[in-house]
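sequence and predicted model, in that order:
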Amino acid sequence: MIAYLIRRLGQSVLVLFTMAVLVFFAVFALGSPVDMLASPDADQAERAALAVRFGLDKSLPVQFATFIGNALHGDLGASFVYGKSALAVIGERLPATIELAVLALVFSVLIGVPLGVIAGLRPNSIAGRAIMSTSIFGFSLPNFWIGLMLILFFAVYLGWLPAGGRGPTTNVLGMELSIFSVEGWRHLILPALTLALYKASLVVRLCEAGTREIITQEYIRFARAKGLSRFRIIRLHLLKNMMIPVVTILGMEFGAMIAFTVVIETVFAYPGMGKLLIESINRLDRPVVVAYLMVTTVIFVVINLIVDFLYVALDPRVRLSGPNE
Amino acid sequence: MSEITPTTPLTLPPVAKGERLLLRQVRDLVASPEAAIGLAVLITLVAIALLAPLIAPQNPYDLMQLDIMDNMLPPGSALGNGATAWLGTDDQGRDMLSTIMYGMRVSLGVGIASVLIASVIGALIGVLSAYIGGRFDALIMRIVDLQLSFPSILIALVLLTVFGRGLDKVVLSLVFVQWAYYARTVRASALVEKNKDYIAAARCLEMPQWRILVRHMLPNCIPPLIVVSTVQVAHAITLESTLSYLGVGVPVTQPSLGMLIATGYSFLLSGNYWISTYPGIALVLIVVSINLVGDRLRAVLNPRFTH
């Protein structure tokens, strides 16, 4: 087990390093930030001074070595636009994104599990069939367009909810969160629902398949024969056994959800780090783009590690020996 | 496993005399009402996209045919030249119906082209990886794992900011994010095929390696590839529209459905809903119909499919 942990950690470090190399050289090609920072009538000397100030006059390998060295100290450079540490800029926006992604995850479970169980218990009923065909739509519909349509309906047509932005925040343990006020919820609900839609359909399909399989097992029949109530069978025997794959998949999908906030935040003008990424790409703010990609990579790697370990802990049948397992 | 698996693979039941296999598969496909509707919608949409220059009420990119006085007309209004804009007009006075027809050309074209290129590259890499095996296989599969562990939207976004805008660049980055799916799918089936008798027979005949690979192994890995490719076209179209929506996709001169939706975004809040809504509906129709067909195709091409 210890050997497995160490090898798995080693792999994660390798992934991080590979990403650092790829990200650095990819983003270097973004174009010269000096062109954008210097005023149009700046002369050659001013431009050179700017380049020196941001370390852009050095050769590529030197810049890369500096980048890696600094990154190990938790310094990913200073934003060209905000004039402060890129990590700090990301850090300010991180709580908003995490809040949105976690809420969306909760929504997708709350919507997906009950619907999936209903569809699995009654596969041939009208409700079951309707749920399953709707889930195909949930998979297929382009998320950003759903967001636009929700804005159109709830914000423009009905006028019930704000069309975008973030509500007032409360400082909780050093993080600015908006789920503690009604106004905050009014801003969060549409983006979170939009983000949850795709995952909810995934959960519906997983739960439907799981329910249909589990319901035929001996222990369910036995529980029925014992005279347990239907609700108790579902709660104790069905849900518990069904949740292992659901939890695993959702864990892995959480990273994808954070990446997808780039789209949702742009649609709803929600000031998280996804919107920051798009703004930074447009402004050629290279350190922020690099910092964003590194932060999300770390999040992915950590989530994957946790999921892997959880999986091993939950299911002892998982082989630990193979290098690819 | 190998003891119980018969040497004759589980294949489709024998084909009756005079009945083409392909024909029967098509019939199985349309036996499901959802797939039949999906296929009908899809064929109609592709036909409209192909014939757009002939059947569209106007060419929205020919400035001579546009009248700025027609801008932002709601659906059903009469244009300056007497024609009716059934889906309204945009801020430049373009007829939305025509714009959508031309936009579908770009969206479908980009989706299909990227899937074709990516599946050819992925299939070759997958079959090679399975055939060579060993270190090479391990390396390729590590790269595939690494790439698939990152969301495709993020990879495509970074690639496009590096490459810049352009139809060719969008296709290139879509190829880049997709090849790994095909490599993995084809490798899985190639690993099974590799140990079958006909490959051993071909080896005994001392056929050239490339011939065994391309003429013998590859064709037998095609059915799962077709299923993945069909669904991936829908995925590619959605991804392209999302990228174009974010402003890093297709150029302004060749707007796809995604870009049309993005253009309409700025008018949405003032209640001019049609510029974003109708291109979105076209996009949804394309994607849903492809998925319906793909879902059924998965069942039909499965050897254990029961009638």
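The structure has been received and is ready for your questions.

the residue nearest to the spatial centre of chain A: what's it in contact with?
Closest to where the C-alpha atoms of chain A average out (C-alpha atoms, centre = their mean) is residue A:258, at 1.7 Å. Going by C-beta atoms under 8 Å, 6 or more residues apart in numbering or on different chains, residue A:258 touches A:97, A:98, A:101, A:274, A:296, A:299. Just so you know, the C-beta spots here come from the backbone N, C-alpha and C atoms, and that holds for glycine as well.

near chain B, list only the ones from those residues.
Residues of the contacts of residue A:258 in contact with chain B (C-beta under 8 Å from any C-beta of the partner chain): residue A:296.

which ones are touching the residue sitting nearest the centre point of chain B?
Centroid-nearest residue in chain B: residue B:233, 1.3 Å away (criterion: C-alpha atoms, centre = their mean). Residues near residue B:233 by C-beta under 8 Å, 6+ apart: B:111, B:112, B:115, B:290.

recalculate using a threshold of 10 Å.
B:42, B:108, B:111-116, B:119, B:286-287, B:290-291, B:293-294 (C-beta atoms under 10 Å, 6 or more residues apart in numbering or on different chains).

what's the answer for residue B:91, then?
So residue B:91 contacts B:68, B:71, B:72, B:263, B:264, B:266, B:267, B:272, B:275 (C-beta under 10 Å, 6+ apart).

now do the domain split for chain A, please.
In terms of domains, chain A is parsed into A:2-72, A:88-314 (source: automatic domain parsing).

and the first one, what's its mean pLDDT?
Here domain A:2-72 scores 73 as its mean pLDDT.

straight-line length of it, end to end?
Its first and final residues considered, domain A:2-72 spans 25 Å by C-alpha to C-alpha, to the nearest Å.

next one: phi and psi at residue B:78?
Here is the backbone geometry of residue B:78 (degrees, to the nearest 10): phi -90, psi 140.

so how far is stretch B:122-130 off the chain centroid?
Relative to the centre of its chain, stretch B:122-130 is centred 20 Å away, using C-alpha atoms, centre = their mean, to the nearest Å.

next helix or strand past the helix ranked longest in chain A?
In chain A, taking DSSP state H as the definition, the longest helix is helix A:86-121. Under the assignment DSSP states H and E, the closest C-terminal helix or strand after helix A:86-121 is helix A:126-140.

re earlier: buried subset of the contacts of residue B:233?
B:42, B:108, B:111-115, B:119, B:286-287, B:290-291, B:293-294 (16 or more other C-beta atoms under 10 Å in any protein chain shown).

list the contacts for residue B:275?
B:72, B:87-91, B:94, B:96, B:99, B:260-268.

pull out the buried residues from those residues.
Neighbour counting over the contacts of residue B:275 (16+ other C-beta under 10 Å) leaves B:72, B:87-90, B:94, B:96, B:99, B:260-265, B:267-268 as the buried ones.

and the residue of the stretch 201-325 of chain A closest to chain B?
residue A:259 (3.9 Å; C-beta to the nearest C-beta).

what strand or helix carries the nearest residue to residue B:286 once chain neighbours are set aside?
In space, and not counting its chain neighbours, residue B:286 is closest to residue B:45: 5.7 Å by C-beta to C-beta, 6 or more residues apart in numbering or on different chains. Under the criterion of DSSP H and E, residue B:45 resides in helix B:33-55.

out of the contacts of residue B:275, list just those in helices.
Applying DSSP H to these, the entries found in helices are B:96, B:99, B:260, B:261, B:262, B:263, B:264, B:265, B:266, B:267, B:268.

also near chain A: which of those, exactly?
Near chain A, judged by C-beta under 10 Å from any C-beta of the partner chain, the entries from the ones in helices among the contacts of residue B:275 are B:261, B:262, B:264, B:265, B:268.

just send the contacts of residue B:91 back as JSON lines, with pLDDT and distance to residue B:167 too.
Formatted as JSON lines, the contacts of residue B:91 follow (pLDDT from 0 to 100; distance: C-beta to C-beta, whole Å):
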{"residue": "B:68", "pLDDT": "69", "distance to residue B:167": "27"}
{"residue": "B:71", "pLDDT": "72", "distance to residue B:167": "27"}
{"residue": "B:72", "pLDDT": "70", "distance to residue B:167": "28"}
{"residue": "B:263", "pLDDT": "82", "distance to residue B:167": "17"}
{"residue": "B:264", "pLDDT": "80", "distance to residue B:167": "21"}
{"residue": "B:266", "pLDDT": "78", "distance to residue B:167": "24"}
{"residue": "B:267", "pLDDT": "81", "distance to residue B:167": "25"}
{"residue": "B:272", "pLDDT": "78", "distance to residue B:167": "28"}
{"residue": "B:275", "pLDDT": "81", "distance to residue B:167": "22"}
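
between the residues you listed, which is closest to residue B:164?
Minimum distance to residue B:164 across the contacts of residue B:91 is 20.1 Å, recorded for residue B:263 (C-beta to C-beta).

hmm, residue B:120 is touching residue B:182, no?
Yes. Using C-beta atoms under 10 Å, residue B:120 is in contact with residue B:182, at 8.3 Å.

find residues that contact each of these two.
residue B:225.

the more surrounded of these two?
residue B:182 (26 against 14; other C-beta atoms under 10 Å in any protein chain shown).

how about residue 127, what does it touch?
You didn't say which chain, so I picked chain A. Taking C-beta under 10 Å, 6+ apart as the criterion, residue A:127 is in contact with A:115, A:118, A:119, A:121.

nope, chain B please
B:183, B:186-187, B:189-191, B:193-194, B:213-214, B:217-218, B:220-221.

next, it: phi, psi?
phi -70, psi -40.

helices along the stretch 51-200 of chain B, start to end?
B:96-132, B:134-148, B:152-163, B:167-194, B:197-204 (DSSP state H, counting those that start in this stretch).

would you turn the ones you listed into JSON lines with mean pLDDT?
Shown next, in JSON lines, are the helices of the stretch 51-200 of chain B (pLDDT from 0 to 100):
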{"stretch": "helix B:96-132", "mean pLDDT": "90"}
{"stretch": "helix B:134-148", "mean pLDDT": "86"}
{"stretch": "helix B:152-163", "mean pLDDT": "84"}
{"stretch": "helix B:167-194", "mean pLDDT": "89"}
{"stretch": "helix B:197-204", "mean pLDDT": "84"}
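
would you reformat those helices as a markdown table and include distance to residue A:111?
Formatted as a markdown table, the helices of the stretch 51-200 of chain B follow (distance: least, C-beta to C-beta, whole Å):
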| stretch | distance to residue A:111 |
| --- | --- |
| helix B:96-132 | 29 |
| helix B:134-148 | 26 |
| helix B:152-163 | 22 |
| helix B:167-194 | 28 |
| helix B:197-204 | 48 |
